[in-house]
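**Q** Here is a sequence together with a model predicted from it:
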Amino acid sequence: MNILIIEDEHRIARRIERMLRSIMGKEITSIQHCDALEDGQGFIAHHKVDLLFLDLNLNGEDGFGVLESVVAEPFPTIIISAYRDQAIRAFEYGVLDFVPKPFSEERLAQAVQRLQKREKQANTLRYLAIQKKGRRTLIPIADIYYIQGAGVYTELHLKDGTTAIHNKTLENLELLLPEHFVRIHKSYLVSMQEAREIVIEPGSKYSLRLNNEEQLPIGRTRYKEIKKRWFG
Amino acid sequence: MKKLYYYIFPILLVVILSSCQEREDNPIYAWEEVMLGDSTEWKELSYDDSHWDGHYKDPTGKGIFWSRMRVKLPPQEKSRKGCGIQVFATAAYEAYWDGVYLGTNGRLAEDGFFEIPGDYQWFSLLPDSLVGDGEHVLALRSTKEIEEPGQHSYVFFDDYFRLTRGPLQVSKYMFMLAGCFLLTAIYFLFFFATEPKEFATLIFSVICFVFMGIIIMEYLKLFHIYPYPFQRTRLEIIDALHFSLGILIPLFFMIHFNFPWKVVGLAIIIAVIGWLEFKYYSNFDWIARKHSTLAWVWSVLLVGYAIYEKKKGAIWVMTGLVLCFIVVNLMPVIPYYYMSSYDVSIFIAFVIIVLTMLYVMSLKRKDERLAYEASLVRSERLKNELLKKNIKPHFIMNTLTSLIDWVEESPKEGAAFIHALADEFELLNEIADYQQIPIGQEIRLCKNHLKVMGYRKEINYLWEQEGIDPNDIIPPAIIHTAVENGVTHGLPNGEGNITFRLVYEITKAYRQYTLTTVAQQRAASKFAKNSTAGHGTGLRYIRARLQESYQDRWELINQPAEEGWQMIIRIKTL
């Protein structure tokens, strides 16, 4: 696993690194530290990053602009910040965890575990940040019908009939998205608030009809659970 | 407050005008005819004086002269009893009523005697037998050795007690008014004594004193008996008072409405009324009117300017001035005794002007109070901001995180770090209550902050200073704030150093502190939403502190420099 730490205080960056090495041991392929976002961005552009630790207040700059730019990236982000009051807003933007300063090794381990165990958190995500024609846009979660996986990226199908590309994989998005987003198929993540009924087709093929009349396939292995939980 | 004026003014007007109501039987009044020379015939009622001079010719120093005043008593049913006369004349004289000797006022200059001046105002009872219906004559055999401004002698005929009491009846209202002016003047004089910067209150106080002076001098003749030469002195004093009003009233408006060309304005005013005074001196009543008129004209011009500049309360002052114009031009229509109705109207105008002045001053006071309260709030807020510096999450949480790390990794260094942090808290706490502190203390604070940040960032912060006078005082934590900015935005050099250099310079015109951060500056991030890069953080605090201590006498230059970044604080000398 390649880890990037963006933190402007050397002492703290070194502390994070030391703790991560102790928590994750051999799982770590590399740990890189940048002390400014510009450097971090440069690093991300040219290297593979699997997990990002980000300080929200870098060199006196408000961190939310920074946050928007990284949550659009494929890898999950864990915030390490002094501003506890910004946690809720950070979750709305889709971060994996928010570790308030000062932090202990236990707290950091808990955050890493969330990623390792693919634990879904009590979710407050409200936007997905996407890159559209080179510009960053925030898409409200409520505007999404479903998300289709397409290899290393995903396609968001929106209520206005348009689609948008997100750089995170379906797996990583599933981690962030609220409870009502359900993986009905290996390629589909659907907002169950928009699901109308299950359609059974000949040959034990199941599909889900959405409010916009669109029909999406339901994975054979997932059918029972979906039926029980959402249509039971 | 505004409402109060709506009531006060009409009430005052009623009080003042109540003395104006016309009586049914007014005193009878007569002017003189004058003839130089001496003859016993001239005291007789039957003497034909139709060829005498009705126009005034100054008889000063020309020996004996006579004046005759014909008093026509209208027919009435009851016979008159207890009547008398009140004579106003600038001479020493023997008085005859229908040829009967009444008495002497002063001593005439004849038979080798010097003149003893008569009183300006003289009363005499008349025999009941000599006050029948029809024409009577008061003849004065006079000498006048001391020059007096041209003034006719005149006489009032009435019930004797009414004659002697009447003037006091009139003047009591005026003295009440004078008392009001006196109290106002004293109040504002005290106000000025405690607040010497408020020059307008001093002017206002003097204006009130002058108004009081004019009233007292004007009505002095009604209650104080004085020899006729003092009449001139009295008029001179009144003239001088009007002259000073002619300057003071426009000056007040100039200062109050912050007129930009005060010196020029004042020079023009003094030149015009000085010329008037020089040219028409001894034409006392006329010149007093001209002074009042001119003061009014200047005021209208100045207040017009103030309205144009949208100054607070200017409209009300203009309304007051228009009201003065109406009163002064309308009042003379109402007949009045013992004094000219113009005099009364001018005093009403004084009241109006003083009221409008009081009103605009109260407006200004209110603004000043609000500004003062705002400044208190601002000072309190700045103090809070200073105290908050070290409990802001960014500072405290990052410091604590580093601190934990130091303690875990190297307890000895950790303890030193804790001491540095404790020192910083203590220093900030020490200075928080002051608007200004010695620069020595400020530098200690800066050095200590750098020590703390050194532990956190693991950068070697160096401090240099030049020409510092440790006792010079500046607002607290402004250099400290600039140092914080330098720490945030500076990149260490190859050796891991960032140097801060503080240089103090003093010239005749200003003193200045230059803080140079010798370090390459971080580029502002394009992702930052509220970019505070370019050393924006804390600049507002520095500006607010400078404004608090030096009003507009400061300059803040914050700019990139060859070596890194430079902040110059320049404080102009008073």
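**A** Looks like it arrived, so ask away. Residues are numbered from 1 along each chain as shown, chains lettered A, B, ... in the order given.
**Q** Every contact and neighbour count from this point should use C-alpha atoms.
**A** Noted.
**Q** contacting residues around residue 101?
**A** You didn't say which chain, so I picked chain A. Under the criterion of CA atoms under 8 Å, 6 or more residues apart in numbering or on different chains, the contact partners of residue A:101 comprise A:80-83, B:397-398, B:400-401.
**Q** meant chain B, my bad for not saying
**A** By CA under 8 Å, 6+ apart, the residues touching residue B:101 are B:94-95.
**Q** Report the buried residues of the host helix or strand of it.
**A** Residue B:101 is located in strand B:100-105, with elements delineated by DSSP states H and E. Within strand B:100-105, the residues that count as buried by 16 or more other CA atoms under 10 Å in any protein chain shown are B:100, B:102, B:104-105.
**Q** closest point of chain B to chain A, which residue?
**A** Here the residue of chain B nearest chain A is residue B:401; by CA to the nearest CA that distance is 4.4 Å.
**Q** Let me see the domain layout of the chain.
**A** No chain specified, so I'll use chain A. A:2-116, A:127-231 (automatic domain parsing).
**Q** hmm, I had chain B in mind actually
**A** Per the record, chain B has its domains at B:2-21+B:165-369, B:28-162, B:392-572, by automatic domain parsing.
**Q** What's the end-to-end length of the second one?
**A** End-to-end distance of domain B:28-162 (CA to CA, to the nearest Å): 12 Å.
**Q** what is the mean pLDDT for that domain?
**A** Per-residue pLDDT values over domain B:28-162 give a mean of 86.
**Q** related to what we said a few turns ago, for the buried residues of strand B:100-105, which one is nearest residue A:20?
**A** When these are compared for distance to residue A:20, the smallest value, 120.3 Å, is given by residue B:105; criterion: CA to CA.
**Q** For residue B:94, see how far away the spatially closest residue to the closest one that is not a sequence neighbour is.
**A** Setting aside the residues directly before and after it, residue B:105 is nearest to residue B:118 in space (CA to CA, 6 or more residues apart in numbering or on different chains), at 4.7 Å. When distance is defined by CA to CA, residue B:118 is 10 Å away from residue B:94.
**Q** How about residue A:186?
**A** To residue B:94, residue A:186 is 136 Å away according to CA to CA.
**Q** ok so, going back, deepest in the core, which of the domains of chain A is it.
**A** Mean neighbours per residue, mean count of other CA atoms under 10 Å in any protein chain shown, is largest over the domains of chain A for domain A:2-116, with a mean of 19.
**Q** quick one: the helices in chain A?
**A** Shown for chain A, the helices assigned by DSSP state H span residues A:10-24, A:37-46, A:63-71, A:87-92, A:105-116, A:170-176, A:223-231.
**Q** Would you single out the least confident of those helices?
**A** Looking across these, the weakest by mean pLDDT turns out to be helix A:63-71, at a mean of 75.
**Q** just the angle between that helix and helix A:37-46, please?
**A** Computed with axes from the mean of the first three to the mean of the last three CA atoms, to 10 degrees, the direction of helix A:63-71 lies at 10 degrees from that of helix A:37-46.
**Q** where's helix A:63-71 relative to the chain centroid, distance-wise?
**A** Its chain's C-alpha centre lies 13 Å from the corresponding centre of helix A:63-71 when counted by CA atoms, centre = their mean, to the nearest Å.
**Q** helices and strands around it, which ones?
**A** Judged by 3 or more CA pairs under 8 Å, 6 or more residues apart in numbering or on different chains; DSSP states H and E, helix A:63-71 is in contact with strand A:127-132.
**Q** Looking at the strand it packs on now, give me its mean pLDDT.
**A** In this model, strand A:127-132 has a mean pLDDT of 79.
**Q** what sits against residue B:267?
**A** Contacts here follow CA under 8 Å, 6+ apart; on that basis residue B:267 touches nothing.
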